[in-house]
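Undergrad: A predicted structure for the sequence below; I have some questions about it.
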2 protein chains.
Amino acid sequence: MEQTSDILGRSELFEGLAAPARAAVSAAGFHRRLGEGEALLRQGDAADGVFLVLSGLLRASQTTAEGQQVAIRYLGPGDVAGYTALTGGSVHPGTVSAVEDSEVLGWANAAFRRLMAEHPSIAMNALALLGTRYHEMQVRLRELSTEPAAQRIGRTLLRLARQAGRRSARGVEIAFPLSRQDVAEMSGTTLHTASRTLADWEERGLVDSGRLRIVLRAPQALAELVGEDDETA
Amino acid sequence: MEQTSDILGRSELFEGLAAPARAAVSAAGFHRRLGEGEALLRQGDAADGVFLVLSGLLRASQTTAEGQQVAIRYLGPGDVAGYTALTGGSVHPGTVSAVEDSEVLGWANAAFRRLMAEHPSIAMNALALLGTRYHEMQVRLRELSTEPAAQRIGRTLLRLARQAGRRSARGVEIAFPLSRQDVAEMSGTTLHTASRTLADWEERGLVDSGRLRIVLRAPQALAELVGEDDETA
DNA sequence: CGGACTTTTGAAGTAATTCAAGGGGAGTGG
DNA sequence: CCACTCCCCTTGAATTACTTCAAAAGTCCG
């Protein structure tokens, strides 16, 4: 089990903070455990806190009036959930729930605001963090507007592999249970299209997938296919 | 002509700042004029400053490798461009250029960072501003993933009307030249679909449009059509 | 009046969704 | 240990919304 303080230090939000400051931050927060499927915060609810993921995996999503889901991102250790409270917003724009058993460190709005006031570098980090996310969203918006479904699915897989990839003999495995439906919700398409696309890639030896499991056998070939120069690291 | 200090005071970024602080902020910046079509900053360039729009209208967009454009947003007086520098990013993720003759107030990275350090409320405002934008992008991502083209076009029009709408006898007019192509790039579709959709709505008496000009004759009916409860204000 | 955009509209083509049905795996409970 | 059941995945076939292709008609400005 990793130390809370270590995760704090490595998180985008608290990096660069001196040890005593980290201790103060940690002391001001409260721990919360979430079982698989449990919601940390719900779309439409009052924004009442900021959370840092300590362990496990969460998923941020938006739901339409008709109940259709759109996945925004997955959150692992060191990631921040509930940025709304951080920016002074009043209502959570999306739902964040645990994909697997998880643990988070949370701060009430007022407490977090106090921390930012006492340690301005936290506020600067928060700005950087939001800037990065905003940028990501711009890119995804562009992809969704201009690219065909297969390409978007490829990018989704590469993105997830980069974030939660585990190198294995057969390639890079996405290290958490991921259904076709999940892939579709991240890519802006249907599970049918996702399934067909993966079947096609499986034939071509690019991926190796099964129930809730996807392994990228040839990440760089996939990257080329979708028009990225990028590496899976 | 409006006073710089007034715009500063009303802008999301500097609101709540006392008059002397506003003066300091203003003094630390430099003015820049842009002719119609001129770029304030370009996608891929080094992020070298933060800008506040004083007058005119700018457009933020992303361009794909193939040259296809996606419009991110339009910026009027009080809006901020070049948030990348503000968050510590190094490269502009998109291009911002003037739709009509415009004037901006700019700050070099270092100068702006100094201002935030001296006036923490600027940093807080910046956080709020980015949070709002991030939220907007989440919503648009959801819309793009789940809604048909017509609905997205409707939302685009309502959004633009809310931002730059001018009440007239015939309804709410979008107060700047806007082509079908522009509407398409904001909605994630083609100019053909945009044209056909507008023609349909024109027949139904919802809009009244012509060359580079769109008037919403029945904003609330349009809102209902696209599934918003919202008003055009 | 010429020329450059912008817009419209038809027709063809297609990517992707929707509809529909069936086939696995994994876990559960008898 | 087997059967049952619940998901998850797959795969055709039909449909459709949207794009692409193509050409012509407006509209504004010099």
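TA: Arrived safely, thanks for sending.
Undergrad: use CA for all of it now, contacts and neighbours both
TA: OK.
Undergrad: tell me the contacts of the residue nearest in space to the middle of chain A?
TA: Averaging the C-alpha coordinates of chain A gives a centre point, and the residue nearest to it by C-alpha atoms, centre = their mean is A:Tyr74 (2.4 Å). Shown here is A:Tyr74, whose contacts under the criterion C-alpha atoms under 8 Å, 6 or more residues apart in numbering or on different chains are A:Leu57, A:Leu58, A:Arg59, A:Ala60.
Undergrad: the third one belongs to a strand?
TA: Just to be clear, that refers to A:Arg59. Yes - residue assignment for A:Arg59, taken from DSSP: H, G, I helix; E, B strand; the rest coil, places it within a strand.
Undergrad: chain neighbours aside, what residue packs nearest to it?
TA: A:Tyr74 (4.4 Å; C-alpha to C-alpha, 6 or more residues apart in numbering or on different chains).
Undergrad: one step back: helix, strand or coil for the residue nearest to the centre of chain A?
TA: strand.
Undergrad: ok, now how distant is it from chain B?
TA: Relative to chain B, A:Tyr74 is positioned 14 Å away (criterion: C-alpha to the nearest C-alpha, to the nearest Å).
Undergrad: distance of that residue from B:Gly16?
TA: Between A:Tyr74 and B:Gly16 the distance, using C-alpha to C-alpha, to the nearest Å, works out to 36 Å.
Undergrad: ok, now A:Val50?
TA: As defined by C-alpha to C-alpha, A:Val50 lies at a distance of 24 Å from B:Gly16.
Undergrad: which one's more surrounded, the two?
TA: In this view A:Val50 and B:Gly16 are compared by other C-alpha atoms under 10 Å in any protein chain shown, and A:Val50 has more residues nearby, 22 against 16.
Undergrad: host element of the more buried one?
TA: Element membership of A:Val50, judged by DSSP states H and E, is strand A:49-63.
Undergrad: what parts of chain A come near DNA strand D?
TA: For chain A, the residues found near DNA strand D under the criterion C-alpha under 7 Å from any atom of the strand are A:178-181, A:191-193, A:195-196, A:198-199, A:209-213.
Undergrad: switch the cut-off to 10 Å
TA: Taking C-alpha under 10 Å from any atom of the strand as the test, the list of chain A residues beside DNA strand D reads A:145-148, A:177-184, A:190-200, A:202-203, A:208-214.
Undergrad: quick one: the strands in chain A?
TA: Assigned strands in chain A, in chain order: A:30-34, A:39-41, A:49-63, A:69-75, A:80-81, A:95-108, A:165-168, A:171-174, A:207-210, A:213-216 (criterion: DSSP state E).
Undergrad: turn the ones you listed into TSV, columns for mean pLDDT.
TA: Converted to TSV, the strands of chain A look like this (pLDDT from 0 to 100):
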stretch	mean pLDDT
strand A:30-34	96
strand A:39-41	95
strand A:49-63	96
strand A:69-75	97
strand A:80-81	97
strand A:95-108	96
strand A:165-168	94
strand A:171-174	96
strand A:207-210	96
strand A:213-216	98
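Undergrad: ok, which of the ones you listed comes nearest A:Glu12?
TA: In this view, these are compared for proximity to A:Glu12 by C-alpha to C-alpha, and strand A:80-81 is the closest at 8.4 Å.
Undergrad: what's that closest one packed up against?
TA: With contacts taken as 3 or more C-alpha pairs under 8 Å, 6 or more residues apart in numbering or on different chains; DSSP states H and E, strand A:80-81 sits against strand A:49-63.
Undergrad: report the angle between the strand it packs on and strand A:30-34.
TA: Computed by axes from the mean of the first three to the mean of the last three C-alpha atoms, to 10 degrees, the angle separating strand A:49-63 from strand A:30-34 equals 30 degrees.
Undergrad: pull strand A:49-63 out as PDB, backbone CA atoms only.
TA: In PDB, the C-alpha atoms belonging to strand A:49-63 read as follows (Å, rounded to 0.1, in the frame of the first residue of the first chain):
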ATOM      1  CA  GLY A  49     -15.800  18.900  -2.100                       C
ATOM      2  CA  VAL A  50     -12.600  18.100  -4.000                       C
ATOM      3  CA  PHE A  51     -11.200  14.600  -4.100                       C
ATOM      4  CA  LEU A  52      -7.900  13.000  -4.800                       C
ATOM      5  CA  VAL A  53      -7.800   9.400  -5.800                       C
ATOM      6  CA  LEU A  54      -5.500   7.300  -3.600                       C
ATOM      7  CA  SER A  55      -6.200   3.900  -5.000                       C
ATOM      8  CA  GLY A  56      -8.500   2.100  -7.300                       C
ATOM      9  CA  LEU A  57     -10.100   3.400 -10.400                       C
ATOM     10  CA  LEU A  58     -13.100   5.800 -11.000                       C
ATOM     11  CA  ARG A  59     -14.900   6.900 -14.100                       C
ATOM     12  CA  ALA A  60     -16.300  10.300 -14.800                       C
ATOM     13  CA  SER A  61     -19.300  10.400 -17.100                       C
ATOM     14  CA  GLN A  62     -22.200  12.600 -18.300                       C
ATOM     15  CA  THR A  63     -25.700  11.300 -18.700                       C
END
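Undergrad: tell me which strands and helices that strand is in contact with?
TA: When contacts are defined as 3+ C-alpha pairs under 8 Å, 6+ apart, strand A:49-63 packs onto strand A:69-75, strand A:80-81, helix A:83-87, strand A:95-108, helix A:109-118, helix B:120-146.
Undergrad: dump the ones you listed into JSON lines; add distance to B:Glu224 as well.
TA: As requested, these are arranged in JSON lines below (distance: least, C-alpha to C-alpha, whole Å):
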{"stretch": "strand A:69-75", "distance to B:Glu224": "22"}
{"stretch": "strand A:80-81", "distance to B:Glu224": "33"}
{"stretch": "helix A:83-87", "distance to B:Glu224": "28"}
{"stretch": "strand A:95-108", "distance to B:Glu224": "25"}
{"stretch": "helix A:109-118", "distance to B:Glu224": "35"}
{"stretch": "helix B:120-146", "distance to B:Glu224": "15"}
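Undergrad: give me whichever of the ones you listed is most buried.
TA: Across the helices and strands packed on strand A:49-63, the average number of neighbours (mean count of other C-alpha atoms under 10 Å in any protein chain shown) peaks for helix A:83-87, which reaches a mean of 25.
Undergrad: and it, does that touch chain B?
TA: Yes - part of helix A:83-87 sits near chain B under the criterion C-alpha under 8 Å from any C-alpha of the partner chain, namely A:Tyr83, A:Thr84, A:Leu86, A:Thr87.
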